[in-house]
Structures are given as structure tokens and as C-alpha cells.
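Enquirer: Take this sequence and fold it.
(3 chains)
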Amino acid sequence: MKIRRLHPWNLSCKDAIAVQRRLCGQVWQAPLKKPVRTIAGADVSYAKEGGKVYAAVLVFSFPDLVLTDEALAADTVEFPYVPGLLSFREAPVLAKALRKIPRKPDVIIFDGQGTAHPRGMGLACHMGLITECPSIGCAKTRLVGIHPRLPETRGSTVLLTDQGRVVGGVVRTRDHVKPVFVSPGHAITLEESIRLVLGCCKGYKLPEPTRQAHIAVNRFRLEGGRLAHC
DNA sequence: GCGACAG
DNA sequence: ATCTTGTCGC
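Expert: From the prediction side, this is the model:
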């Protein structure tokens, strides 16, 4: 699939924040225009040292969740991990893997926040803009916002609010297991994001697309990041 | 100044 | 995120 280059990635933190403030005005939320038939999951893995990063994008049919496409990529990182600027560290390698996907998925789930971000511009929003593809942010932990207590039963959901604004939802995907933080990335609504994430959970805390991408990218990294070819 | 802080 | 073994609870 095609990826847009909206700006350079090797920026200072100050310039990166300026880019986020400019781009957040281009992010929008609206109901999906067509039923979801394919949904992808993307994740990144880092080498302990050496600055090597790896990415995996796995595409599944929905709602049956059968794997249909897979792409891997390796790269070197220069941008440090700074809370709030994760996309400047992970987007380049993610874009590299996404470019190898033959057809644009109906939705892509990313391992991180969407609008539940200090400037409403989390990784999922940023990726949604450069791919022009509906995207969802599904993080394992909170970055910003407050929320009421969440019932222990699977399917329970409460709103995540930041500065008086609803920025996402806290979703229990398994009984008695820490919840995930779901927020829309781009071209999708919070309600649809939550429905799709729950629809992709098959007995584990993380939705299958993201969970499988995590397994795939770690296997790839441990193999030395060598792309298999026949 | 003191905590909080996606991966 | 990564480095690591077993272990407690549903």
C-alpha cells in the first residue's frame, strides 16, 4: 500500500511537537464508509543495543480472523523514546513494512495510543494520516486521561477523559485482566474502535491482529531480522 | 521542586 | 521496549 511522506522524521523534540500540533488538525473521526472485511495489526520490536528496530504488519479477514497477508521490515532508529513522541521512533519502520502490503486493509490496529495523547496525535493518528487508512490505537497502558473504576468482567468499558474531553475508552478484554486503552486513530469513531477491538479478542488481553504482529516481529528480531525468501 | 510518562 | 524463572490466581 502507498504511504504519504508528510514531513521528515529525524527532527528535534521541539520540531516533532510542532509537527504534531500542525497535523492534529488533519485528523478526523467519522463512521467507516464500508463494512470491515480485512483488519491489520502492526507492532515494533527493538534490539537490546545497536539501534536496530523491526516491524511486522499482519492482515486478517474479519470477523473470522484468518491471516491473509504479512510484511516484515528492519531499520535503524535514531529518535529516542520520549513519551508523547513515539511515532517519530516507530513510524519509519512501520511505514517500511506497510509499503510491502499489497492491498490497503479496511482498518489497522496499532500498539499505542490514538487520540488519547497530550496533543491528540498518538501513533495511530499519525499512521492513519500517512496511510490514509482508518486506524485504531490499542495500548496496554495509559498515557493520559482519567477514568472511573472498570468492572472486572470482559466487555466492560468506561470512557477515558483528558482535560474534560473524551479521548478514548478503557476496555476489559478478559475477566480479571488489566484493561487495554482504546482510542480512534483516524477516519473511524471511538465506538467502532471499541467494537472492533472486542471483536478481535480471542481469549487474550490483546486483539488478535496486534497480538500476532507482536509474536511475528519478535520472532523476526530473534532470527536476526533476515527476511526469508524462497 | 515533585511525580507521571504509549513503546 | 529489553533483560529473565518460577509462580500465584482465575
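
Enquirer: quick one, phi psi at the residue sitting nearest the centre point of chain A?
Expert: Residue closest to the mean C-alpha point of chain A, counted by CA atoms, centre = their mean, is A:Phe110 at 1.2 Å. For A:Phe110, the backbone dihedrals (degrees, to the nearest 10) come out as phi -110, psi 150.

Enquirer: which residues touch it?
Expert: Contacts were defined as CB atoms under 8 Å, 6 or more residues apart in numbering; by that measure A:Phe110 touches A:42, A:94, A:123-124, A:127, A:135-138, A:185, A:210. Quick note: C-beta positions are derived from backbone N, CA and C, even for glycine.

Enquirer: Report the mean confidence score over whichever helix in chain A runs longest.
Expert: Selection of the longest helix in chain A by residue count, based on DSSP state H, yields helix A:208-222. The predicted model gives helix A:208-222 an average pLDDT of 97.

Enquirer: neighbours around the spatially closest residue to the residue nearest to the centre of chain A that is not a sequence neighbour, how many?
Expert: On the basis of CB to CB, 6 or more residues apart in numbering, the spatially nearest residue to A:Phe110 that is not a chain neighbour turns out to be A:Ala124, at 4.4 Å. A:Ala124 is surrounded by 34 other residues when neighbours are defined as other CB atoms under 10 Å.

Enquirer: now do A:Gly84
Expert: 18.

Enquirer: and the closest residue to A:Pro151 other than its chain neighbours, how many neighbours?
Expert: Counting by CB to CB, 6+ apart, A:Pro151 lies nearest to A:Arg172, which is 6.8 Å off, once chain neighbours are set aside. Here the neighbour count serves as a burial measure; for A:Arg172 (other CB under 10 Å) it reads 21.

Enquirer: who's in contact with A:Arg172?
Expert: Applying CB under 8 Å, 6+ apart to A:Arg172 gives the contacts A:150-157, A:179.

Enquirer: ok, now A:Lys205?
Expert: Contact partners of A:Lys205, counting by CB under 8 Å, 6+ apart, are A:140, A:173-174, A:177-178, A:180.
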